[in-house]
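Asks: The sequence and its predicted three-dimensional model are supplied below.
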Amino acid sequence: MSGVPYSSSESLPSLQTIPWAVSATHTNLNQSITSSAALTTSNGTAVTYINNSLNSEHNIVLPKPGSTAHFVSPQQPIFTFTQPTRVFMIIPTTTNTVPLVNAGWIFSPQVGGPARRLPALGMDDVFTGVISGLGADYLYERFYDAGTHNLDPTGLAPEAFFLFEEVIDFDILAELRARQMHWFENGLLPNDGGNYAVGGLAGTQPTDPKLHVEGKLRASGSLEAGKNTDQVCHLGRGRIGHFPVTNANTGVTSSSVSFSHHDCDAATNFALVQTEDGETIVNSAAGKHMEFMVGGVAYMRVGYTDSNGASTGYIGINQAAPAEYLDVGGNIKASGNVIATNIKNYYQTTNSLNSTVGDNGGTTHSTNAGCPSPAGDWTQYNSWKITGVDTVNSNTNVFSPKTYGFEALVAGTYKITINMAFQTSAANQLIVIRLAKNGLNDDVQNATQENPGPLAGTGFMNSFANSGTINSFGSAALTHIMTLGANDNISVYTTNVSQIHSGTGNNSFTREGYSQFLAEYLG
């Protein structure tokens, strides 16, 4: 195995069967390291190795019990390992990290101190005498399986020293995690170039942000950032911030959390705010609207913006351009009462001439109402006007005018008012009216049904001796509230409970324009 394992899915090295050893054909191998030693550079210069710095800055203590450690001179990077080996590469010069990281090396930064500083983006920490006596040291590490390896095949670090360490417990993943935890606990975090930046270092080290990760960041537990404080966090184009919210009734200002687009950072254009006591505010910027969608289709729009860019405050349900404060593109159903100061759903009309209103009657009385009981003894009144100046229909989606009355297009409660004026020149006339829903039924004693409906009559009219000028007028009026289903029909029926003279038109009349039919939709 070569490179560094990053997850538990990586295979671990085989158990040790032969002693760990490092060999090479070149010189300066097997420089035993104790508390301090001299390192030999490529030109033969000896520099001082500082064991204390290696321990305190990188959590490396060598030699470990039962292990040996070696330094090798630079420009000779080919080695043979008998067992899995951790390799530390020490570069005594300023180094660009990107190619080394791409080659599989992990940068091991030092803990902050007054003598350290960070160079420009993409460069490692400049260490002054941390590992060797030279002016700048950089330390990388990598794990290798048993075998012969060229540690720097492309010459990225020709002046590097290599330190070898036996992997005692054979668990590369655990050892890597232990080293990474040492870096984290000492405040060592990655910078933009893939290095580990140290927040709060003296000199030119930036302190904002403390943590900058290029790529994915995963946490299996809780992640806290500025918990319960007034901070601003950015996730992609999202902004999680805060705005003070003052209660208009109490005057108390509460802390809050807000969510908005990155470019919407004011108290007038945020998207969502919730205060510490649970008050929740949904908002859009001036001149913009809010939409509620299902499957990408808008079903409700709040704060419609007119053609001049002004927010009207109108709400549209299934209505893209609402024209009222509530504009519904469809039916409305309510289980309770609908209360309005001005009912605008009504249909009203007047009548045409009808000369047959008194030509039907009968003496079969199954009830004590004083009127005929069979439906056949009544005549449907079919002279209501359905068009013209005498007809007013405020909502054609509710009322469908008919010559007998109207058809209800919407289920609900309706109020029906009938005023009928009758004239006669015949003797002994008394006209009775009643309502019917979907055709008149026979009247049955003690029936609870609404059809046939209530009765109203004219009173006795007897004008035969005066040619229709004396005792010739009578009227009947009804007001009734009914529950109707969609497509139910409401009509008016008449009967004559007095003397019926033979021949059409020899009894009573409704003269044009004097009778009224009014229907109101109550909801």
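Replies: Sure, I can see it.

Asks: so for stretch 315-334, what's the average pLDDT?
Replies: Averaged over stretch 315-334, pLDDT sits at 86.

Asks: ends of that stretch, how far apart?
Replies: 18 Å (CA to CA, to the nearest Å).

Asks: mind listing what's buried in that stretch?
Replies: Within stretch 315-334, the residues that count as buried by 16 or more other CB atoms under 10 Å are 315-317, 319, 322, 327. C-beta here means a position set from N, CA and C on the backbone, and glycine is covered the same way.

Asks: Could you do stretch 500-507 as well?
Replies: 500-501, 507.

Asks: Could you export those residues as a markdown table, including pLDDT?
Replies: Below are these laid out as a markdown table (pLDDT from 0 to 100):
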| residue | pLDDT |
| --- | --- |
| Ile500 | 90 |
| His501 | 89 |
| Asn507 | 89 |
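
Asks: Tell me the one among those nearest to Gly278.
Replies: Using CB to CB, Asn507 comes nearest to Gly278 of those, at 74.4 Å.

Asks: Excluding sequence neighbours, find me the nearest residue to the closest one.
Replies: Nearest non-adjacent residue to Asn507, counting by CB to CB, 6 or more residues apart in numbering: Gly358, 3.3 Å away.

Asks: What helix or strand is Pro99 located in?
Replies: helix 97-102 (DSSP states H and E).

Asks: Paired strands for the next helix or strand after that helix, with orientation please.
Replies: Once helix 97-102 ends, the next helix or strand along the chain (criterion: DSSP H and E) is strand 106-107. Strand pairing for strand 106-107, using DSSP bridges, gives strand 138-144 (antiparallel).

Asks: so what secondary structure elements neighbour the helix or strand just after the partner strand?
Replies: Moving toward the C-terminus from strand 138-144, the next helix or strand (DSSP H and E) is strand 147-150. Packing partners of strand 147-150 (3 or more CB pairs under 8 Å, 6 or more residues apart in numbering; DSSP states H and E): strand 78-81.

Asks: Next, the buried residues of the strand it packs on.
Replies: When neighbours are counted by 16+ other CB under 10 Å, the buried residues of strand 78-81 are found to be 79, 81.

Asks: who does that strand touch, helix- and strand-wise?
Replies: Judged by 3+ CB pairs under 8 Å, 6+ apart, strand 78-81 is in contact with strand 22-23, strand 147-150, strand 161-166.

Asks: I'd like these written out as CSV, with distance to Asn451, mean pLDDT and mean neighbour count added.
Replies: Below are these laid out as CSV (distance: least, CB to CB, whole Å; pLDDT from 0 to 100; neighbours: other CB atoms under 10 Å):
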stretch, distance to Asn451, mean pLDDT, mean neighbour count
strand 22-23, 106, 77, 16
strand 147-150, 100, 90, 13
strand 161-166, 100, 76, 23
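
Asks: Kindly reformat those strands as JSON lines containing distance to Ile490.
Replies: Output for the helices and strands packed on strand 78-81, formatted as JSON lines (distance: least, CB to CB, whole Å):
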{"stretch": "strand 22-23", "distance to Ile490": "104"}
{"stretch": "strand 147-150", "distance to Ile490": "97"}
{"stretch": "strand 161-166", "distance to Ile490": "98"}
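
Asks: Those: which one's closest to Asn489?
Replies: strand 147-150 (95.3 Å).

Asks: Neighbouring strands of the closest one in the sheet, and parallel or not?
Replies: Checking strand 147-150 against DSSP bridges gives partners strand 78-81 (antiparallel).

Asks: got the contact list for the partner strand?
Replies: 20-26, 72, 144-151, 162, 164 (CB atoms under 8 Å, 6 or more residues apart in numbering).

Asks: can we see that at 6 Å?
Replies: For strand 78-81, the external contacting residues (CB atoms under 6 Å, 6 or more residues apart in numbering) are 22-24, 144, 146, 148, 150.

Asks: If we only consider those residues, which is nearest to Phe399?
Replies: Closest approach to Phe399 among the contacts of strand 78-81 (CB to CB): Tyr144, at 89.0 Å.

Asks: Check the burial of the closest one by counting its neighbours.
Replies: Applying other CB atoms under 10 Å, we find 24 residues neighbouring Tyr144.

Asks: ok, which stretches of the protein are helices?
Replies: Along the chain, the segments classed as helices by DSSP state H run 51-58, 97-102, 172-185.

Asks: Can you tell me what sits against stretch 265-272?
Replies: 243, 258-260, 282-283, 285.

Asks: same deal with stretch 235-248?
Replies: Here stretch 235-248 makes contact (CB under 6 Å, 6+ apart) with 230, 232-233, 253-254, 256-262, 267, 275.

Asks: redo that, cut-off 8 Å
Replies: Contacts of stretch 235-248 (CB under 8 Å, 6+ apart): 230-234, 252-262, 264-265, 267, 270, 273, 275, 279, 281.

Asks: pLDDT score assigned to Pro119?
Replies: Predicted confidence (pLDDT) for Pro119: 32.

Asks: ranking the helices of the chain by mean pLDDT, which is last?
Replies: Per-stretch mean pLDDT for the helices of the chain is lowest at helix 172-185 (a mean of 52).

Asks: before we move on, back to that, now the residue nearest to Asn507, what are its backbone angles?
Replies: The phi and psi values for Gly358, taken as degrees, to the nearest 10, are phi -110, psi 20.

Asks: show me what contacts it?
Replies: Neighbours of Gly358 in contact, by CB under 8 Å, 6+ apart: 422, 424, 426, 429, 431, 494, 496, 500, 507-508.

Asks: Kindly recompute the last result at 6 Å.
Replies: Gly358 touches 429, 431, 496, 507-508, counting by CB under 6 Å, 6+ apart.

Asks: Low-confidence regions, the stretch 201-350 of the chain specifically.
Replies: 201-217, 304-311, 337, 339-343 (pLDDT under 70).

Asks: Do a quick rundown of the strands in it.
Replies: 233-235, 238-241, 245-246, 253-254, 256-261, 272-275, 280-282, 290-294, 297-302, 315-317, 326-328, 346-350 (DSSP state E, counting those that start in this stretch).

Asks: Those strands into CSV, with extra columns for distance to Ala486?
Replies: Conversion of the strands of the stretch 201-350 of the chain to CSV gives the following (distance: least, CB to CB, whole Å):
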stretch, distance to Ala486
strand 233-235, 50
strand 238-241, 47
strand 245-246, 47
strand 253-254, 49
strand 256-261, 44
strand 272-275, 40
strand 280-282, 36
strand 290-294, 26
strand 297-302, 23
strand 315-317, 20
strand 326-328, 17
strand 346-350, 15
